[in-house]
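Undergrad: Okay, sequence plus prediction incoming.
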Amino acid sequence: MWNRIDLKMRGKLSFTRNYWPAVVAALVMAIFTGGSYSRYGSKASDAYDSFQDYGSYHMSGSQSMALAMFALMAAAVVGIISLLFIIVKIFVGNLLLVGGSRFFIENQTGNPGVGVVGSAFQGGQYMNIVVTMFLKGLFISLWSLLFVVPGIIKHYEYLMIPYILAENPGMSRQEAFAISKRMMMGQKWNVFVLDLSFIGWRLLEGITFGIAGVFYVEPYYQATMAELYAFNRNMAYQQGYIR
């Protein structure tokens, strides 16, 4: 079993050795790992409710109607922008996540350039990666609709999929899901604790308005996750379910 301290130490060494490309790669990945789309929708809904309440108590007649129409138009615009972000995430962002995963895998033993982040767009496996990553996000979202805990469990169960696709872009989605599930068997709690060990760094990221995240925390975290995948991949080879 891997050791959290060793994993983080190796991750720190690998990203600092190739610092600036790692910073850029991690920044690209961070842009597309946030769940901000639903927040756009909720903010639009809140804005509409606020406008509606204000109009009910302080205006009447044509003024209230005009304000309600403006709120609806604003909500529609925000909804369209949110939809565009989701489309970009599905067809562009998820591939950059896979490419970023490949960057940090290669960064363990070499000095890859930032261009590796775009590697998922090459090799003729574009749609396979798009569909597999879309289903990963969809399944996690559907499980999260039940309760928070099942969604968290599925998040960790499917955690290795971007790394698996980074090295095997032509692998079927069924096999990618099965291998990730096998890799994470008995490890989900330990990886959850590994994530918790970055809380101090995340607080620093918040205090510095994201500056520490861009220049240190994100590349450190992504390099550590790549080390986790490398350990699981080696175990998979030894156990024979990856050839």
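TA: Perfect, I can see it now. Numbering: from 1, shown residues only.

Undergrad: Packing partners of the longest helix seen in the chain?
TA: Criterion DSSP state H: the longest helix present in the chain is helix 61-88. On a contact count with 3 or more C-beta pairs under 8 Å, 6 or more residues apart in numbering; DSSP states H and E, helix 61-88 meets helix 37-58. (C-beta placed from N, C-alpha, C; glycine too.)

Undergrad: quick one: average confidence on the helix it packs on?
TA: Mean pLDDT, computed over helix 37-58, is 44.

Undergrad: again, but for stretch 18-32
TA: 95.

Undergrad: Tell me which residues are up against it.
TA: If you take C-beta atoms under 8 Å, 6 or more residues apart in numbering as the criterion, stretch 18-32 is touched by 14-16, 89, 92-94, 96-97, 100-101, 103-104, 107, 111-114, 116-117, 213-215, 218-219, 221-223.

Undergrad: pLDDT below threshold where in the protein?
TA: 34-63 (pLDDT under 70).

Undergrad: Not counting residues beside it along the chain, what's closest to P112?
TA: E106 (4.3 Å; C-beta to C-beta, 6 or more residues apart in numbering).

Undergrad: V116 is in contact with that neighbour, correct?
TA: Yes. Assessed by C-beta atoms under 8 Å, E106 is found in contact with V116 at 6.2 Å.

Undergrad: distance of V24 from V114?
TA: In this view, V24 and V114 are 5 Å apart by C-beta to C-beta, to the nearest Å.

Undergrad: try V193
TA: From V193 to V114 the distance is 31 Å (C-beta to C-beta).

Undergrad: Settle it for me: which of these two has more neighbours?
TA: The residue with more neighbours, out of V193 and V114, is V114; 17 against 10, by other C-beta atoms under 10 Å.

Undergrad: any idea how far that one is from W20?
TA: 8 Å.

Undergrad: List the residues that contact F139.
TA: Neighbour list for F139: K154, Y158 [criterion: C-beta under 8 Å, 6+ apart].

Undergrad: rerun at 10 Å
TA: F139 sits next to G151, K154, H155, E157, Y158, F177 when contact means C-beta atoms under 10 Å, 6 or more residues apart in numbering.

Undergrad: Out of those, flag the one nearest to T208.
TA: H155 (26.4 Å; C-beta to C-beta).

Undergrad: tally of neighbours for that closest one?
TA: 20.

Undergrad: Which of the helices or strands spans it?
TA: Using DSSP states H and E, H155 sits in helix 148-157.

Undergrad: got a list of contacts for that helix?
TA: Residues from elsewhere that reach helix 148-157 (C-beta under 10 Å, 6+ apart): 136-137, 139-147, 177, 180-185, 187-192, 195.

Undergrad: Kindly recompute the last result at 8 Å.
TA: 139-141, 143-145, 180-181, 184, 187-188, 191-192.

Undergrad: Also stretch 197-205?
TA: By C-beta under 8 Å, 6+ apart, the list of residues contacting stretch 197-205 reads R4, K8, I211, A212, G213, Y216, V217, Y220, Y221.

Undergrad: quick one: it to chain centroid distance?
TA: 17 Å (C-alpha atoms, centre = their mean, to the nearest Å).

Undergrad: quick one: buried residues of that stretch?
TA: F198, W201, E205 (16 or more other C-beta atoms under 10 Å).
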